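Peer 1: below are the sequence and a predicted model; questions follow.
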Amino acid sequence: MTILSQKVVQAVSAQYYEAFKLRPVFIDMNGDVIPFGPEPTPAFRLRQGFLRRRSGYGGQDGGQAGHPSKGGDLKSFRRGGKSKDSKQRLPALPLSAQTNAFSLQEAVRWGEPFVFYPSRGIVSWVAALVDQRLVHGGIIGGEVLTADGNREEVRSYLIEQGVAPEAAKNAAHNLPVWPALKIKQAALFLQDTFYRISGWKPVLLEENRVKAVQQRHISEAMDEHKKSGQTGYSIDKERMLLALIRAGDRNGARRVLNEMLGAMYLLSPKLAVLRARAIELMGYLTRAAVEDSPILEPLIERNHQWMRKLIVAKNFETLSHVLMQALEDFMHGIYARGFNCYHPHVGRILDYLALHYSEQLTLKQIADKVGISVSRAAHLVKQHTSKTVWQHLMRVRIAKARQLLENTGDQCSQIALTAGFCDQSYFTKHFRRLTGTTPAHYRRSFTGAAPAREMKNAE
């Protein structure tokens, strides 16, 4: 069972409050606030319901404050006594739980914090709490006024919802005014802080974020095709994709693939036709790779495995995601072996590196697996690839690290170990040498463009 301890709640709340002077609130899948408290220190106390500023305004839980046991999931909390400031709290708004639940669903769907409007002029945001592929709830980061927000309008709305005039006035007065950029920064900070402290692995969010980014790129490509009047993609696109794979340009290959998927959809949105074109594309790439280097024949079997997944894809979004995964696997196979490498011993060495890159390998260990001497192994690899065994190993490890930086939220220290580096400093040194940037900067440059999603709740 996934555990959300009070220690994690306190630590996340404290760091978030220190950075943005707002207090987060945890919600379950129904959008209802999970009460935590009373806490030893008032600064750690979480509010339930709609608003709670330092002045003490917030949602109401009927005068009860829950207190979690030493360990339990998001719903296993004991009810405690009255909260110290429960008399000051505002009643929850009628549709607040419904709005929270919908916003949480959108955060899961997009794989990133979701910005929403709980009432006129007020902005809030929620991050999904996911461990592996199981959603446990969400965390709401507070409420602020938009740059064009009107405090009098907020006050009037609260009074319409049954809040006492004086309380509504104070609540509206205490709302800070934030620009859109700060809202996005707070949302991302809240999500990153929770996963860093809790140690949870949001696999589902990472998968959904990759899917969302891909669908956005495909939509952009479709718009470009419509503007240009094109009805499909030329054979040059396939050649361009193969050239980018050969060059090891993963981002360029993804971009071209998304353009091709957009063109495929415009040509015929029928799933059967899209499936056939996707399978045809994978066949072309595999054939070209094997023709260029016969020792890449194992790619044929891997291609068959991906084709089976393409055949059972239930919709275009799933089909696109599977095809992108197949491309990633294909590029990894090409990158590990390299093109124009014909010697079977060299192929076996490169295969071994691709499978065991995370281990602390020695040249003798590698040579023994292939059945040749250490000097012979080193000579053959250098002769046929113009690179040493260790250069190949480093390339494979860095490629794996880049993939993890792009597609997971793991810390750099964990990525270093997963990719086979003995420590983070050694990893950073070689990552910078081969890519020209640090792992942290690479991750920011890759993920920083994705905007937080927004929606307006129907009033």
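Peer 2: Alright, I've got the coordinates.
Peer 1: what residues of stretch 348-358 count as buried?
Peer 2: 348-354, 356-357 (16 or more other C-beta atoms under 10 Å). Bear in mind the C-beta positions are built from the backbone N, C-alpha and C, glycine included.
Peer 1: again with stretch 422-441
Peer 2: 424, 427-428, 430-431, 434, 439.
Peer 1: list the buried ones in the longest strand seen in the chain?
Peer 2: Longest strand of the chain, by residue count under DSSP state E: strand 134-145. Using 16+ other C-beta under 10 Å as the test for burial, strand 134-145 gives 135-145.
Peer 1: who does it touch, helix- and strand-wise?
Peer 2: Where contact means 3 or more C-beta pairs under 8 Å, 6 or more residues apart in numbering; DSSP states H and E, strand 134-145 is packed against helix 6-20, strand 25-27, helix 96-110, strand 122-131, helix 180-198.
Peer 1: strand partners (parallel or antiparallel) of the fourth one?
Peer 2: Partner strands for strand 122-131, per DSSP bridges, with pairing direction: strand 114-119 (antiparallel), strand 134-145 (antiparallel).
Peer 1: nearest to Val163, of the ones you listed?
Peer 2: For the strands paired with strand 122-131, proximity to Val163 was assessed by C-beta to C-beta; strand 114-119 is nearest, at 10.7 Å.
Peer 1: show me where pLDDT drops low in the protein?
Peer 2: 1-3, 36-95, 221-222, 224-235, 246-249, 291-298, 333-344, 446-459 (pLDDT under 70).
Peer 1: picking that back up, which stretch among the helices and strands packed on strand 134-145 comes nearest Arg277?
Peer 2: Using C-beta to C-beta, the helices and strands packed on strand 134-145 put helix 96-110 closest to Arg277, at 26.6 Å.
Peer 1: give the buried residues for the closest one.
Peer 2: 96-97, 99-110.
Peer 1: hmm, who's touching that helix?
Peer 2: Under the contact criterion C-beta atoms under 8 Å, 6 or more residues apart in numbering, helix 96-110 has outside partners 27, 29-33, 49-50, 59, 113-114, 116, 118, 124, 126-128, 130, 135, 137-138, 140, 204-205, 208-209, 212, 453, 455, 457.
Peer 1: of those, buried ones?
Peer 2: Using 16+ other C-beta under 10 Å, the buried ones in the contacts of helix 96-110 are 27, 29, 31-33, 49-50, 59, 113-114, 116, 118, 124, 126-128, 130, 135, 137-138, 140, 204-205, 208-209, 212, 453, 457.
Peer 1: next secondary structure after the lengthiest helix in the chain?
Peer 2: In the chain, with assignment by DSSP state H, the single longest helix is helix 203-228. Counting by DSSP states H and E, the element after helix 203-228 in chain order, helix or strand, is helix 235-247.
Peer 1: quick one: buried residues of that next one?
Peer 2: 237-238, 240-242, 244-246.
Peer 1: pick the one among these closest to Arg397.
Peer 2: Looking across the buried residues of helix 235-247 and measuring by C-beta to C-beta, the closest to Arg397 is Ile245, at 19.3 Å.
Peer 1: follow-up on the earlier one: got the buried residues of helix 235-247 as CSV, with distance to Arg397 columns?
Peer 2: Shown next, in CSV, are those (distance: C-beta to C-beta, whole Å):
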residue, distance to Arg397
Lys237, 31
Glu238, 30
Met240, 28
Leu241, 25
Leu242, 25
Leu244, 21
Ile245, 19
Arg246, 20
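Peer 1: among the buried residues of stretch 348-358, which are in helices?
Peer 2: 348-354, 356.
Peer 1: with only the CA atoms kept, save the host helix or strand of Thr318 in PDB.
Peer 2: When elements are assigned from DSSP H and E, Thr318 belongs to helix 316-337. Coordinates of each C-alpha in helix 316-337 appear next as PDB, following Å, rounded to 0.1, in the frame of the first residue of the first chain:
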ATOM      1  CA  PHE A 316      -4.900   7.000 -33.100                       C
ATOM      2  CA  GLU A 317      -3.400   8.300 -29.800                       C
ATOM      3  CA  THR A 318      -2.400   4.900 -28.700                       C
ATOM      4  CA  LEU A 319      -1.100   4.100 -32.200                       C
ATOM      5  CA  SER A 320       1.000   7.200 -32.200                       C
ATOM      6  CA  HIS A 321       2.400   6.500 -28.700                       C
ATOM      7  CA  VAL A 322       3.300   2.900 -29.600                       C
ATOM      8  CA  LEU A 323       5.000   4.000 -32.800                       C
ATOM      9  CA  MET A 324       7.000   6.600 -30.900                       C
ATOM     10  CA  GLN A 325       8.100   3.900 -28.400                       C
ATOM     11  CA  ALA A 326       9.000   1.600 -31.300                       C
ATOM     12  CA  LEU A 327      11.100   4.500 -32.800                       C
ATOM     13  CA  GLU A 328      12.900   5.000 -29.400                       C
ATOM     14  CA  ASP A 329      13.700   1.200 -29.200                       C
ATOM     15  CA  PHE A 330      14.800   1.200 -32.900                       C
ATOM     16  CA  MET A 331      17.100   4.200 -32.300                       C
ATOM     17  CA  HIS A 332      18.600   2.600 -29.300                       C
ATOM     18  CA  GLY A 333      19.400  -0.600 -31.300                       C
ATOM     19  CA  ILE A 334      20.900   1.500 -34.100                       C
ATOM     20  CA  TYR A 335      22.800   3.700 -31.700                       C
ATOM     21  CA  ALA A 336      24.200   0.800 -29.700                       C
ATOM     22  CA  ARG A 337      25.500  -1.000 -32.800                       C
END
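Peer 1: what packs against it?
Peer 2: Partner elements for helix 316-337 (3+ C-beta pairs under 8 Å, 6+ apart): helix 203-228, helix 235-247, helix 250-267, helix 271-292, helix 298-311, helix 344-356, helix 389-407.
Peer 1: which other helices and strands contact the second one?
Peer 2: Pointing back at helix 235-247 there. Against helix 235-247 (3+ C-beta pairs under 8 Å, 6+ apart) you get helix 250-267, helix 271-292, helix 316-337.
Peer 1: mind putting the buried residues of strand 134-145 into TSV with distance to Ile183?
Peer 2: Putting the buried residues of strand 134-145 into TSV (distance: C-beta to C-beta, whole Å) gives the following:
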residue	distance to Ile183
Val135	23
His136	24
Gly137	21
Gly138	16
Ile139	15
Ile140	13
Gly141	9
Gly142	10
Glu143	11
Val144	7
Leu145	11
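Peer 1: nearest to Met324 among those?
Peer 2: Taking C-beta to C-beta as the measure, Met324 sits nearest to Val135 out of those, at 23.3 Å.
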